[in-house]
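Visitor: Fold the following, please.
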Amino acid sequence: MNVIPPLLSPSHSTHRNQIDMLKILSLAVAVALGVVAIANGIFMLVAPENWYFAVPGVTTTGPFNQHFVRDIGLIFVFIGGAFLLGVARADLRIVFWAAPSLWLAGHALFHFWEVAVGICSASVIPRDFPAVTLPAVLGLSITTWAMTEKCSKRVLGAKGGQAISKL
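Guide: Residues are numbered from 1 along each chain as shown. Got it, this is the predicted structure:
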């Protein structure tokens, strides 16, 4: 009787490949979010008025305020840095990804609230989706992956009652 050890079975190999692909995808999304956020933040810091007129819909939210645009630009630089640090520091990935993801989610929810109370029309939802809602969804998705990955490694890596905490 030929028994294949569970770790070498084809189904385990396929599952491991799926996990590896999900990790690569999550890290790539984090890099993309980080680079785009930093680029946006730098644009806001260096040329706030150009940014104000270049981004669709911004001019409808109120008059130009260079101080406010630069304040938010700093936030975007920090957000981007956090996503990139999460790629580099697996041990702190959840924190580095959760914090900016929560801000992005709050920002997206604020846009939906503006529609719900009549400040903006529903037509802004698809217009804002790529720059506002999608980054929040992606950030929350990779944060959820990081949390799941850490928990599964703790369960699978437990030896003698001690869990492995590194990703």
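Visitor: From Gln66, how far out is the residue nearest to the spatial centre of the chain?
Guide: In the chain, the residue lying closest to the centroid (Cα atoms, centre = their mean) is Gly139, at 2.0 Å. With the distance defined as Cβ to Cβ, to the nearest Å, Gly139 ends up 27 Å from Gln66. C-beta coordinates here come from the backbone N, C-alpha and C atoms, glycine included.
Visitor: next one: Asn40
Guide: In terms of Cβ to Cβ, Asn40 sits 16 Å off from Gln66.
Visitor: Show me which of those two is the more surrounded one.
Guide: Asn40 (20 against 14; other Cβ atoms under 10 Å).
Visitor: Quick check, that one in contact with Leu74.
Guide: No. Counting by Cβ atoms under 8 Å, Asn40 stays clear of Leu74, with 11.4 Å between them.
Visitor: average pLDDT across stretch 100-119?
Guide: The predicted model gives stretch 100-119 an average pLDDT of 98.
Visitor: Would you mark the buried spots in that stretch?
Guide: 100-101, 103-105, 107-108, 111-112 (16 or more other Cβ atoms under 10 Å).
Visitor: Run the chain-centre distance for the longest helix seen in the chain.
Guide: Among all segments of the chain classified by DSSP state H, the helix with the greatest residue count is helix 10-46. Centre-to-centre, helix 10-46 and its host chain are 8 Å apart (Cα atoms, centre = their mean, to the nearest Å).
Visitor: got the contact list for the next helix or strand after that helix?
Guide: Going down the chain from helix 10-46, the next helix or strand is helix 48-54, by DSSP states H and E. With Cβ atoms under 8 Å, 6 or more residues apart in numbering as the test, helix 48-54 has contacts from 40, 43-44, 58-59, 64, 66, 69-70, 73.
Visitor: which outside residues touch stretch 106-121?
Guide: Counting by Cβ under 8 Å, 6+ apart, 60, 122, 124-125, 128, 132-133, 136-137 sit against stretch 106-121.
Visitor: Just the buried residues from the residues you listed, in ChimeraX please.
Guide: Selecting only the buried entries of the contacts of stretch 106-121 in ChimeraX, with 16+ other Cβ under 10 Å as the criterion:
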select :124,128,132,133,136
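Visitor: from the contacts of stretch 106-121, which ones fall inside helices?
Guide: Using DSSP H, these in helices are 124-125, 128, 136-137.
Visitor: residues of the longest helix of the chain that come out buried?
Guide: Residues 26-27, 29-30, 33-34, 36-38, 40-41, 43-45 are the ones in helix 10-46 that count as buried (16+ other Cβ under 10 Å).
Visitor: now do stretch 56-76
Guide: Taking 16+ other Cβ under 10 Å as the criterion, stretch 56-76 shows 69-70, 72-73, 75-76 as buried.
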